[in-house]
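Asker: just coords:
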C-alpha cells in the first residue's frame, strides 16, 4: 500500500473544426487528463509492485470523471479512448505498466462497460517529454475512422522520481475521416474488436 | 466571424504540491489557444487591419474559454498573459497585429478590470513549437508573486499558413512564492503597476 502523492493535474481539450476540408457541423473534441504523481519505486529495484495498481484505482476514476466533465458531462458522447504513461528517469518502464488496469478499467466502467481494449503506450523520459497517446473506438478496436492519437506532455514533468499518467477520450472520428474500413455504424459489439 | 478557426485547445494546470510541500489552495492556470488561418500568409501586406479585428474577436473568445476552463467568474482572475506563434509563411508583425492593438479590451471586459499591461511574447515557428506565455498580475504589474509563465504547444500547429494565438489566465501566483516584493494585498490598482 503506497499513498498516491499528486503534484499536479492538467486537463487539455482540443476542439477541431476542420483540417483544410469542410468545417465540421459538430467539431471533434479530444480531451486528456494528466496527473503527475510521485513514483514510490523510484531509484531502486523493487520486485513486488502490483499492489500499487489498486492504490491507483481512485485516481483513475477521478481522472476519467474529469475527462467526461471536460467534454460536457455526458459519458454517452465519448466514442474513442486511450491511455499512456511517462516514467521519470529514476523509474523503470515496468512502473508505467501499473497504469494499464486502473486507467483502463476506470474509463470502461464510466463509459458503460466499453468493450474494446484501451490502446496504450508508455516510455521513460524527462520533463517536457511528449507522448503520442493512441486512440481507438471504445466498443470495437477495428473501427478505422476512430484510429487517432493525441500528443500530450507537461513542461515540468515527469521529474526523475515521478510518473505522468494520462487518459484520453474523443467524441468522434477524425475530422475528415475517409479512409474506409469498418464503420462505427457496422459495429457488432460482441468481442470488442468489430 | 473574421477569424477562420481550425482548432481551439484549452489547457488547465493545477499544482497541488511543490518540493513535497502542499500548495493550499492549489494554484490553477488556464490557457486557451486558437489555430487560425493567416490571411496575409506568403505576401507582404501593408495594412494589417484585418488581423487587428481578428485579435479583437479572439480576445473575447479565448478569455471566455480560459475562464470557463478555470471554472471561476472573470473578475476572480488574478494574472494574465498572451502570446502568438506565426507559421513559417507569415511575419512576426502579423502576431503583433493580433496581439497588440485590439485584443486587450475584450480581455479586460471579461475579467472585470485589468489595469496592468498584458505581458506578451511572440515568435515564428513550425508545428509543435512551444509558446511560453508570460504572466503578470492583471491590476498591478509589479506584484512579484505573480510573475510567471505557462508553456503550451499544439503538436500540429501552426502550419505554414496559420497563426497560433493564446491567452492565459490564472486564479493565483506561483505555487510557493517567497522572493518578496509587492504583494497582492498591497495593490493600489491605479496605474496598473503597483
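Answerer: Cool, got the structure. Note that the structure is predicted; figures quoted are calculated from it, not measured.
Asker: can you give me phi and psi for the residue of chain A positioned farthest from its centre?
Answerer: For chain A, the residue at maximal distance from the C-alpha centroid (CA atoms, centre = their mean) is residue A:22, at 28.2 Å. Main-chain torsions, residue A:22, degrees, to the nearest 10: phi -60, psi 140.
Asker: who in chain B is up against chain A?
Answerer: B:5-18, B:69, B:128, B:130, B:151, B:153-155 (CB under 8 Å from any CB of the partner chain). (Glycine included, C-beta is placed from N, CA and C.)
Asker: which residues are contacting the biggest helix by length in chain A?
Answerer: Longest helix of chain A, by residue count under DSSP state H: helix A:51-70. Contacts of helix A:51-70 with the rest of the structure, by CB atoms under 8 Å, 6 or more residues apart in numbering or on different chains, involve A:1-4, A:6, A:9, A:11, A:13, A:31-33, A:35, A:37, A:40-41, A:74-75, A:78, A:98-99, A:101-103, A:105-107, A:109-110, A:165, A:167-169.
Asker: From the residues you listed, list the buried ones, please.
Answerer: Applying 16 or more other CB atoms under 10 Å in any protein chain shown to the contacts of helix A:51-70, the neighbour count classes A:4, A:6, A:9, A:11, A:13, A:31-33, A:35, A:37, A:40-41, A:75, A:78, A:98-99, A:102-103, A:105-107, A:110, A:165, A:167-169 as buried.
Asker: among these, which are within reach of chain B?
Answerer: Applying CB under 8 Å from any CB to the buried ones among the contacts of helix A:51-70, those adjacent to chain B are A:6, A:9, A:11, A:13.
Asker: Quick check: pLDDT value at the third one.
Answerer: Taken from the predicted model, the pLDDT recorded for residue A:11 is 98.
Asker: Helices along chain B, start to end?
Answerer: B:49-70, B:92-99, B:104-111.
Asker: What are the buried residues along the first one?
Answerer: By neighbour count, and taking 16+ other CB under 10 Å as the criterion, the buried residues in helix B:49-70 are B:51-67, B:69-70.
Asker: do the last one as well
Answerer: By neighbour count on 16+ other CB under 10 Å, the buried set for helix B:104-111 is B:104, B:106, B:107, B:108, B:110, B:111.
Asker: For chain A, what lies in contact range of chain B?
Answerer: Residues of chain A lying near chain B (CB under 8 Å from any CB): A:5-20, A:130, A:151, A:153-155.
Asker: Give the ChimeraX command for selecting the buried subset of those.
Answerer: To isolate the buried members of the residues of chain A next to chain B in ChimeraX, using 16+ other CB under 10 Å:
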select /A:6,7,8,9,10,11,12,13,14,15,16,17,18,151,153,154
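Asker: From residue A:175, how far off is the residue farthest from the centre of chain A?
Answerer: Here residue A:22 is placed at a distance of 9 Å from residue A:175 (CB to CB, to the nearest Å).
Asker: coming back round to it: report the contact partners of the residue farthest from the centre of chain A.
Answerer: Counting by CB under 8 Å, 6+ apart, residue A:22 makes contact with residue A:176.
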